[in-house]
Every structure is written in structure tokens, then in C-alpha cells.
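**Q** Sharing a model prediction with you, sequence too.
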Amino acid sequence: MLRKAQRAPCILVTGSNGQVGFELRRSLASLGEVVAWDRSACDLRDADGLRARIRALHPDVIVNAAAWTDVDGAESAVEEAFAVNGVAPGILAEEARALGGLLVHYSTDYVFDGRGETFYRETDDAAPLSVYGRSKLAGEQAVAAAGASAIVLRTSWVAGLHGRNFARQVLSQGLERAALTVVNDQHGAPTTAALIADVTARIIDRAWLHGDRASFPGGVYHLAAAGETSRHGYATEVLRYAASRGAVLKAGPERVEAVASTRYPQVARRPANSRLDTRKLRETFDIYLPDWRSGVHHLIDQFLK
């Protein structure tokens, strides 16, 4: 007698046209049926509409890559930023709990004030400097309060093939300008959207779809590439590698001037220290995180194509 085929898991990805969301559509495709919602398909500011759409879809896993990412704009759009970054994640977590599913949500190094030079651990006190950071922290707290099976992945300095980011901006300027100025007093680890998406897929596959759901190790984890650099070091590596791959630059790495962040005042304050300690993630899920340069090199190769 033939057994009835098991239904493939339904995996909902919100923010599917963002840097991470774009890569999630690739990394999660082998795990089940991926339903991708962009901003036009689902407005996270509409709480009732969001709940109704999720209940109609009945996903097994929700991966929330949607966010209000305009850091400076959030300072004057507080209500909208909190609706998307602070309230919506809690709604997603509540619905995931009701459905017996898993929520994966992304947060940021901006929940910290960036003081000191040590790598932040998950247990360190959060003290965001901006509306954006406070809204993302509110989202973390809303997810925790919902009591769902959920994992929050804090990441930093994200760059992907799809969308605007620092690496793409530096490469573009290096091709067009005779010299660049980049701050040297902000430190972190450039982390590609592809790495974030691949780690997400591994966690969902091994720890949820094929793991013991009753003992799923939810909570907050830090996810960033290994190593560290300054914004200036990041920029010079982008241009150095691009030149080694044959790019004809007007400004090579030696033409990048290092300056203090006070040279370029911004509406929202940024943390100077975005270093994240990833030991908890690596040990809990047996995950290898490569040096930040390898991801950036792969990204530049794709840009140059």
C-alpha cells in the first residue's frame, strides 16, 4: 500500500526583495515551498491584515527579513519605524506560536551603544543610540514576549548582490572618482546577505525541520562574519581586490583617505563598535563562519560581472 506523500513545509519570507530576503529565496528553496512577500504583497504596518494573511497561508516557518532600514529617516518617522520593526515582529511571533511554527527574525548591532572595543555578547546590555536601534530592540522584546519557538539573529554591516550597500558604493566610487574619504573610527565585520541566508537555512533544516522541536534552542544569537575591520579597512579591501580582478579604478586603495566620523555628521548616531561575539551561534548550531574578506571577495566578483 502506498503511503500518502508528506506535504512540503511552507516557508514564508517577508521582505523578499531586500538584501537578505533576496538570498533567502535561494537558500530556502530546497527546504520546502517558499512563499515570498515583498512590501506590496504585505504591509507590516497593517496589523489586522498581517494576521489575516498569515492565518490564511498557515506557514510552518516564518522568516522575517522585512524591516524599516532607513536609519536616518527613522528619526522623523518614529511611528512607522516602530510599527515595522517593533510591533510587527511580535505579531509574527504570536501567529507562529498559534500555528505551532517557527519564527526567524533579524535584528542588528544598533541595539548597542558601540562603546569600547570588545566583541558584544548576547547577554550584554542593550543601549541603542537611535530610533532605528530602539525600534529593533522593541522587536526583539516583542518576539520574546510572545513565547513562540523563535530565534533572533543580530547581524551587522550587511552587504548583498541585490540592493544598495557599502561595498557596492565604494566600488562605484572607486571606478568614478580620483579619491575617496572613509571613516576609520567605526569597527565591525562586513557580513554578506548570502552568508546570513545560508546560516538561516542550516538552522531551519537541522534544528527545526529535522530536529527535536520540543528542545529547539531559541533566543537571541549574533551572526556576523569572522574577524573585524574599520570602515576604512573595508573600503581599501574592496578596491584592492577589485583591482586584483582587473577592474580599472580611478581611485585605488592607496587613494582612500581615513577620516573621523565627525567629518560626516549624520542625523542618527551610529555605534562606533559593531563587533559581535558569535560563539553562541557557532557552538549551538555547529556553524562555521568564514573571515569577512572571503564573503566580500565573492561579492565583488559578482559585482564585476
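**A** Received the coordinates, thanks.
**Q** residue ranges for the helices of the stretch 51-200 of the chain, please.
**A** Applying DSSP state H, counting those that start in this stretch to the stretch 51-200 of the chain gives helices spanning 78-82, 88-99, 131-146, 166-176, 193-203.
**Q** And Gly139, how close does it get to Ala88?
**A** For Gly139, the distance to Ala88 equals 7 Å [CB to CB, to the nearest Å]. (C-beta placed from N, C-alpha, C; glycine too.)
**Q** can you list the helices of the stretch 51-200 of the chain in CSV and add mean pLDDT?
**A** As requested, those are exported to CSV (pLDDT from 0 to 100):
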stretch, mean pLDDT
helix 78-82, 97
helix 88-99, 98
helix 131-146, 98
helix 166-176, 96
helix 193-203, 98
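**Q** what's the closest of those to Asp109?
**A** helix 131-146 (8.7 Å; CB to CB).
**Q** Just the buried residues of the closest one, please?
**A** The neighbour-count check on helix 131-146 (16 or more other CB atoms under 10 Å) flags 131-140, 142-144, 146 as buried.
**Q** Kindly report the same for stretch 185-199.
**A** Neighbour count says stretch 185-199 has 186-199 buried, by 16+ other CB under 10 Å.
**Q** what two of those residues have the greatest distance between them?
**A** Pairwise distances across these (CB to CB) peak at 25.9 Å, for the pair Gln186 and Asp198.
**Q** Next, give phi and psi for Ser76.
**A** Ser76 adopts backbone torsions of phi -110, psi 0, taken as degrees, to the nearest 10.
**Q** residues contacting it?
**A** By CB atoms under 8 Å, 6 or more residues apart in numbering, the contact list for Ser76 reads Val267.
**Q** Make sure Leu12 is actually in contact with Ala65.
**A** No: Leu12 is beyond contact range of Ala65, at 10.4 Å (criterion: CB atoms under 8 Å).
**Q** host element of Val34?
**A** Per DSSP states H and E, Val34 falls inside strand 33-37.
**Q** Next, count neighbours for the closest residue in space to Phe285 that isn't next to it in sequence.
**A** Spatial nearest neighbour of Phe285, excluding adjacent residues (CB to CB, 6 or more residues apart in numbering): Ile203 at 5.5 Å. For Ile203, the count of nearby residues is 24 (other CB atoms under 10 Å).
**Q** show me what contacts Ile203?
**A** Going by CB under 8 Å, 6+ apart, Ile203 touches Val104, Ile151, Phe285, Ile287.
**Q** Try it again at 10 Å.
**A** 102, 104, 151, 153, 209, 211, 216-217, 221, 223, 281, 284-285, 287 (CB atoms under 10 Å, 6 or more residues apart in numbering).
**Q** and if you look at Gln169?
**A** Listed by CB under 10 Å, 6+ apart, the contact set of Gln169 reads Ala159, Leu180, Ala235, Val238.
**Q** repeat for Asp109
**A** Asp109 makes contact with 120, 128, 133, 136, 154-157, 188-189, 191, 222, 224, 270-271, 273-276, according to CB under 10 Å, 6+ apart.
**Q** do the same with Leu175
**A** Counting by CB under 10 Å, 6+ apart, Leu175 makes contact with Leu239, Ala242, Ala247, Val248, Leu249, Lys250, Ala251, Leu304.
**Q** Buried only: go through those for me.
**A** By neighbour count, with 16+ other CB under 10 Å, the contacts of Leu175 hold Leu239, Ala242, Ala247, Leu249, Ala251 as buried.
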